[in-house]
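Undergrad: A structural model of the following input is requested.
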Amino acid sequence: MLQDRKLIDQVRQIMKLYEELQLQGMRNKEISAALEMYPSAFSNFINKVLKKIIELDQKEAVKPDAIRKLFEGVNNISELKTRQRMGRYIERLQMLKSNPEQLIHQKNKHKKEEVPQDIMKMLEGIYSCYYLSTFGYRIKKEPLLIMRKSFDDNYIVRKGNKTGPSRYEGLGHVPNDHIFSIQLQECDTLIRDNFVAHFQLPPFYSSAMDMLKGFSISMSNSFMPISRKVILQRVSKEIDEEIYNEIETAFYEEGEGDNNPIISYLRSNPCYMEYVPIPHPTYKQEDLAREQKITEIVAS
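TA: Numbering: from 1, shown residues only. Model prediction:
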């Protein structure tokens, strides 16, 4: 309750500053830029969060979980991050009120700052990487490691280890506040595969990102491009390379692993796209009809 009371007091301070800035002729776009928020998120922040919290407080004493349920109804505002940033929001609005020019010119910088260091740290760990393997079209699970680089905002990413059939190394980065991307190259092989994947990050992130869902593009066993669903499930938040190197790669035949929701999901929703190798391709539009004909023959 003390935390809720503190939040309510901060909400009232922000709304008072917001109204004063509006009277000064400040537009929402300029205020949202000062808070490093997108205009759509700022609109929800004011109208669906702050105003609603004040309404709750005016009616009666705020009941436990009332504020939590309010945040759950807004899809791009995190309660955890809002509570952490309220003090900073107040400081920035006070600064904007006393010296508008200082913050208005920063409005184009907020996209980069939407990925704070503590959030980037949350992606680190050891994961199980699940996807449909073209080797027998079975569900494959292999270890994947994500580790922050000490000197920039990229990640070292590894997929597979020496105990498995293949091993990949490369980099990961967060190009914006919604996507985590990785690009890996296969090691110790004459024909190197490149594994590219993009994973969705939750809006304003989460205090417990233990599963990431995305799509990958890599090479099939016939050396053709293939796109498929990939799911990462966190095994450990600690970076322990000894543990990582001991995790074995597993293949699940039909009927195996049905008690695992991830395996069941990938098996029932394979959703992959693979190009078919065409004998003597012309590299013209008629190849598309030839590929479709081959696909129909193989399917029958």
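
Undergrad: quick one, what contacts residue 62?
TA: 4, 8, 53, 56 (CB atoms under 8 Å, 6 or more residues apart in numbering). Using the backbone N, CA and C atoms, a C-beta is placed for each residue, glycine as well.

Undergrad: and the residue lying closest to the last one once chain neighbours are set aside, how far from residue 52?
TA: Excluding the flanking residues, the one nearest residue 56 by CB to CB, 6 or more residues apart in numbering is residue 62, at 5.2 Å. The gap separating residue 62 from residue 52 is 11 Å, by CB to CB, to the nearest Å.

Undergrad: residue 87 too?
TA: Taken as CB to CB, the span from residue 87 to residue 52 is 21 Å.

Undergrad: out of those two, which sits in the busier spot?
TA: residue 52 (18 against 12; other CB atoms under 10 Å).

Undergrad: so what's that one up against?
TA: Contacts of residue 52 (CB under 8 Å, 6+ apart): residue 70.

Undergrad: how about the helices in the stretch 151-300 of the chain?
TA: Ranges of helices in the stretch 151-300 of the chain, per DSSP state H, counting those that start in this stretch, are 241-246, 261-268, 286-299.

Undergrad: go through these and name the closest to residue 18.
TA: Nearest of the helices of the stretch 151-300 of the chain to residue 18, taken as CB to CB: helix 261-268 at 43.3 Å.

Undergrad: quick one: average confidence on the closest one?
TA: The average pLDDT for helix 261-268 rounds to 92.

Undergrad: one more: stretch 158-177?
TA: In this model, stretch 158-177 has an average pLDDT of 92.

Undergrad: buried set for it?
TA: Buried residues in stretch 158-177, counted by 16 or more other CB atoms under 10 Å: 158-161, 166-168, 170, 172-174, 177.

Undergrad: with stretch 66-75 instead?
TA: Buried-residue list, stretch 66-75, by 16+ other CB under 10 Å: 67, 70-71, 74.

Undergrad: roughly how far does residue 243 sit from residue 161?
TA: With CB to CB as the criterion, residue 243 and residue 161 are 11 Å apart.

Undergrad: contacting residues for residue 73?
TA: residue 48.

Undergrad: so it versus residue 66, what's the distance?
TA: With CB to CB as the criterion, residue 73 and residue 66 are 11 Å apart.

Undergrad: what of residue 278?
TA: Using CB to CB, we find residue 278 at a distance of 62 Å from residue 66.

Undergrad: quick check: pLDDT value at residue 74.
TA: 85.

Undergrad: please disregard the earlier target; I meant residue 5.
TA: At residue 5, pLDDT is 84.

Undergrad: what's the most buried one of the helices of the stretch 151-300 of the chain?
TA: Highest mean neighbour count among these (mean count of other CB atoms under 10 Å): helix 261-268, with a mean of 16.

Undergrad: and that one, how far out from the chain's middle?
TA: 20 Å (CA atoms, centre = their mean, to the nearest Å).

Undergrad: and that helix, what does it pack against?
TA: strand 125-133, strand 138-148, strand 225-236 (3 or more CB pairs under 8 Å, 6 or more residues apart in numbering; DSSP states H and E).

Undergrad: 10 Å - rerun?
TA: Other helices and strands packing on helix 261-268, by 3 or more CB pairs under 10 Å, 6 or more residues apart in numbering; DSSP states H and E, are strand 125-133, strand 138-148, strand 211-219, strand 225-236, strand 250-252.

Undergrad: need the CA coordinates for that helix. PDB is fine.
TA: Extracted in PDB, the C-alpha atoms of helix 261-268 (Å, rounded to 0.1, in the frame of the first residue of the first chain):
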ATOM      1  CA  PRO A 261       4.000 -27.200 -24.900                       C
ATOM      2  CA  ILE A 262       6.800 -25.800 -27.100                       C
ATOM      3  CA  ILE A 263       7.300 -29.000 -29.000                       C
ATOM      4  CA  SER A 264       3.500 -29.500 -29.300                       C
ATOM      5  CA  TYR A 265       3.100 -26.000 -30.600                       C
ATOM      6  CA  LEU A 266       5.800 -26.300 -33.300                       C
ATOM      7  CA  ARG A 267       4.600 -29.700 -34.300                       C
ATOM      8  CA  SER A 268       1.000 -28.600 -34.700                       C
END
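
Undergrad: so what's the residue count around residue 216?
TA: Neighbour tally, residue 216, other CB under 10 Å: 20.

Undergrad: burial check on the closest residue to it other than its chain neighbours, number of neighbours?
TA: Once flanking residues are discounted, residue 216 sits nearest to residue 197: 3.9 Å by CB to CB, 6+ apart. Counted with other CB under 10 Å, the neighbours of residue 197 add up to 26.

Undergrad: which parts of the protein are strands?
TA: 125-133, 138-148, 155-159, 168-176, 179-186, 194-200, 211-219, 225-236, 250-252, 273-274 (DSSP state E).
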